[in-house]
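# just need the structure, nothing else, for what follows:
(chains A and B)
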Protein chains: 2
Amino acid sequence: MVLEMNKDFIVTPWEVKGEIDYGKLMAEFGLKPTSGLPAEFEKNALFRRKIVFAHRDFEKILAAHSGKKPFAMMTGLMPSGKFHFGHKLVADQIIFYQKLGARVYLAVADVEAYNSRNPDLAQLRKTAVEEYLTNYAALGLDLSKCDFYFQSNRSSDGRKASAYYALAALLARHATFNEFRAVYGDDITPGKMASALLQASDMLHPQLQEFEGKPIPTVVPVGVDQDPHLRLARDLSTRIKEYSFTQLSSTYHSFLPGLKGGKMSSSDETSYIALTDSAEEAEKKVKKYAFSGGRDTIEEHRKLGGNPGVDVSFQMLKYGLEPDDKKLQSIHDEYKSGKLLSGELKQILIEKITAFLKTHHKKREQAKKTVEKYLEN
Amino acid sequence: MVLEMNKDFIVTPWEVKGEIDYGKLMAEFGLKPTSGLPAEFEKNALFRRKIVFAHRDFEKILAAHSGKKPFAMMTGLMPSGKFHFGHKLVADQIIFYQKLGARVYLAVADVEAYNSRNPDLAQLRKTAVEEYLTNYAALGLDLSKCDFYFQSNRSSDGRKASAYYALAALLARHATFNEFRAVYGDDITPGKMASALLQASDMLHPQLQEFEGKPIPTVVPVGVDQDPHLRLARDLSTRIKEYSFTQLSSTYHSFLPGLKGGKMSSSDETSYIALTDSAEEAEKKVKKYAFSGGRDTIEEHRKLGGNPGVDVSFQMLKYGLEPDDKKLQSIHDEYKSGKLLSGELKQILIEKITAFLKTHHKKREQAKKTVEKYLEN
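From the prediction side, this is the model:
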């Protein structure tokens, strides 16, 4: 079957719905395509395959990189359950930037979560450490070279902590209610406003005297739904004359679809494979839920071919589980021609996931110790 | 002449206008009169003369004091020019509470000033130190026993700083837009909202684990115009279940009138006597501007008597410059009977101010050094 998708789509920080027309979004938001990237970026599958498909002011980052000048990467995480392959997409970018030499800033958006959803703060912090931070470390993030913090507890250095929070409070002067509506929609609340301001400081504060000591290019890799946050931070940064900022850079990645197609959601465990799922669970989920781009019958599939563009198994390979472009292309072509059946494609994915998870779980055990030590300091 | 005052009055944090009916305000805000205070409070002219005329939950402070339990006093200052006798009214209370054994928290509301007015942050901080802090010290505040901070720079201890700011950010979840309108009126802005939240944290944060370590009674002495801030902080404190607070106490003082009657304003130097004014300047101001409750002619005055209730010279004596109740009463009676003329009353005030300023200016010179040392640490 081929999925009939909605032609109308919505992409906002509070709602992602329908079949996303990324080209239309780029035009609407004024984003540029990521093209002509230097070799080191092209070596990364996410850039090479245009999963990171668009950017704003990314030239500043490329210039800093080629000129061997310092630059920073900042991103936030909103702990909301199991760490899954959708989250890995962000982790892979963080680790890539760290290896490239960026100063890495990682915020746990616990204040944002508290103010916009309804979670238990203690549970939230536990999830941030056990799910996110541990998986980051297992995936290769060097914690010792990374500024990981909770929005609710910025730093053990009071000068730094004050600078971070005061920036958020002072940015408030330069914002309007309509701008917050652009980020959160009409059901804006004081809590969401406070969060949006803190997020703006998350993105901008690495450039303060108390942190990097001077304005430096800072890239924020996000899903395209988060762009209103970027636009708010960019606009506010130009208005607050007491500070001097290099304008923020951002990149936009497309969404890894959920197992059943549509959105991957932390609250629906049949929509994702978690990095803590056992190989057996993952296999079951792929077999049972993974949305197929194949035809209703084998005969039809052989004759008409499948649609890798909507096949979730193919997408998961493309998003990183098959790092070899040639192999990926051949899977693509064979599936499209009807030579490769949906069950066979699922089997390829299962083998890749199995191998990945087995290694990853071992790395997680080591990472737990690393994280424990890191948090002690 | 006897001033004809407006019967309609407005008292909000953003506007104070008309002849204030304090009784009506108390009924409207649900405040209790300050009565039956223990001896140590009655020794203080501000309490004894009912200049501090009302309170909310002040029993908690009295109980802590009589039970020798810890309690805190918190107040904020918005540096806006010269430190004058209106500001001294607050300073006198701070120093009184410190001597009583309260833990003293003093916030420079620089974020509030930045977000609600339009000042230069650097100038604002300079004023806070040179005008406010120096005069506090000269008036007798022991800086070494006081937690003095800027809203924009809470603490050199990152755990403390984060706890203070995070409280403000998390309180946001529990606030509504209408509550901010009650504090700031209809021209509410994101900046004013951020300030109101930080002010709520100013009042509540002494009770955090990171500061006093446990919920303790905390009194906030304010002018009655500031009550909406108190009500907001009180309401939010009961809603945020992640924290446990002893409900805030507050006291309300009436306003020292401006020299010309009406409001004392930092932006109009003919409306106040600054504590840095020379004795000569002060004398000139009293003679030229101090609003008189006397009659148009000496004959009339002798016959009908003056009105000490609106006479600014008498009010300044009452607000502290004449500490002796009997002397004050006799001035009151003689003025009311017509025996004391307006010029003579002014002369009494001038002598008191002259003596006060001469001593105070010497103390200021010493205080400058104390403040300098204090800020170095």
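# just the buried residues of whichever helix or strand A:Y374 is part of, please?
Assigned by DSSP states H and E, A:Y374 falls within helix A:342-376. Using 16 or more other CB atoms under 10 Å in any protein chain shown as the test for burial, helix A:342-376 gives A:342, A:345-350, A:352-354, A:356-357, A:360, A:363-364, A:367-368, A:370-371, A:374. For the C-beta atoms, the positions are set from N, CA and C on the backbone; glycine is no exception.
# any idea which residue of the stretch 251-377 of chain A lies closest to chain B?
A:N377 (13.4 Å; CB to the nearest CB).
# what's around that residue, how many residues?
7 (other CB atoms under 10 Å in any protein chain shown).
# could you measure it against A:V129, distance?
Distance of A:N377 to A:V129, given as CB to CB, to the nearest Å: 14 Å.
# for A:L256, same thing?
Counting by CB to CB - A:L256 and A:V129 are separated by 24 Å.
# neighbour count: the two, which is higher?
More neighbours surround A:L256 than the other of A:L256 and A:V129, with 23 against 18 (other CB under 10 Å).
# residues contacting the more buried one?
A:85-86, A:89, A:264, A:315-316, A:319 (CB atoms under 8 Å, 6 or more residues apart in numbering or on different chains).
# let's go with 6 Å and repeat that
For A:L256, the contacting residues are A:86, A:89, A:319, by CB atoms under 6 Å, 6 or more residues apart in numbering or on different chains.
# and those residues, which is closest to B:T218?
Using CB to CB, A:G86 comes nearest to B:T218 of those, at 45.7 Å.
# assign the spatially most distant residue from the centre of chain A to helix, strand or coil.
Computed with CA atoms, centre = their mean, the maximum C-alpha offset from the centroid of chain A is found at A:E299, amounting to 39.0 Å. Of the three states, A:E299 takes helix under DSSP: H, G, I helix; E, B strand; the rest coil.
# can you give me the pLDDT of it?
For A:E299, the pLDDT comes out at 95.
# mind checking how far it is from A:G338?
Where A:G338 is concerned, A:E299 sits at a distance of 10 Å (CB to CB).
# walk me through the domains of chain A.
A:10-253, A:279-376 (automatic domain parsing).
# pick the most deeply packed of those domains.
domain A:10-253 (a mean of 20; mean count of other CB atoms under 10 Å in any protein chain shown).
# residues from chain A in reach of chain B?
When proximity is defined as CB under 6 Å from any CB of the partner chain, chain A approaches chain B at A:111, A:114-115, A:121, A:152-158, A:161-162, A:165-166, A:169-170, A:172-173, A:175, A:190-191, A:194, A:198, A:242.
# let's see it at 8 Å
Counting by CB under 8 Å from any CB of the partner chain, chain A comes close to chain B at A:111, A:114-115, A:121, A:151-163, A:165-166, A:168-170, A:172-177, A:180, A:189-191, A:193-195, A:197-198, A:242.
# so where's the stretch 51-200 of chain A uncertain?
Counting by pLDDT under 70, the stretch 51-200 of chain A contains no low-confidence segment.
# now the residue positioned nearest the centre of chain A, nearest residue through space, not along the chain?
In chain A, the centroid-proximal residue (CA atoms, centre = their mean) is A:V90; its distance is 3.3 Å. Distances taken as CB to CB, 6 or more residues apart in numbering or on different chains place A:T75 nearest to A:V90, at 6.3 Å, with adjacent residues excluded.
# secondary structure element holding the one you found?
Assigned by DSSP H and E, A:T75 falls in strand A:72-77.
# and what of A:S195?
Counting by DSSP H and E, A:S195 is part of helix A:190-204.
# can you check what angle separates that helix from helix B:190-204?
100 degrees (axes from the mean of the first three to the mean of the last three CA atoms, to 10 degrees).
# quick one, helix A:190-204 and strand A:72-77 angle?
Calculated by the same axes, to 10 degrees, helix A:190-204 forms an angle of 150 degrees with strand A:72-77.
# quick revisit: could you report the separation of the residue nearest to the centre of chain A from chain B?
23 Å (CB to the nearest CB, to the nearest Å).
# show me the contacts for A:Y136.
A:91, A:94-95, A:106, A:143.
# mind checking the end-to-end distance for stretch A:181-189?
When the termini of stretch A:181-189 are compared using CA to CA, to the nearest Å, they are 9 Å apart.
# touching that stretch from outside, list them.
Contacts with stretch A:181-189, where a contact means CB under 8 Å, 6+ apart, come from A:12-15, A:115-116, A:177, A:180, A:192-193, A:196, A:228-229, A:231-232, B:172-173, B:176-177.
# narrow these to those in strands?
Judged by DSSP state E, strands contain the following of these: A:12, A:15.
# now do the helices in the stretch 101-250 of chain A.
Assigned by DSSP state H, counting those that start in this stretch, the helices in the stretch 101-250 of chain A fall at A:110-116, A:121-127, A:134-139, A:158-171, A:177-184, A:190-204, A:227-239.
# B:M203 is nearest to which of those helices?
Among the helices of the stretch 101-250 of chain A, helix A:158-171 comes nearest to B:M203, with 16.0 Å by CB to CB.
# now do the closest one against helix A:190-204, angle only.
120 degrees.
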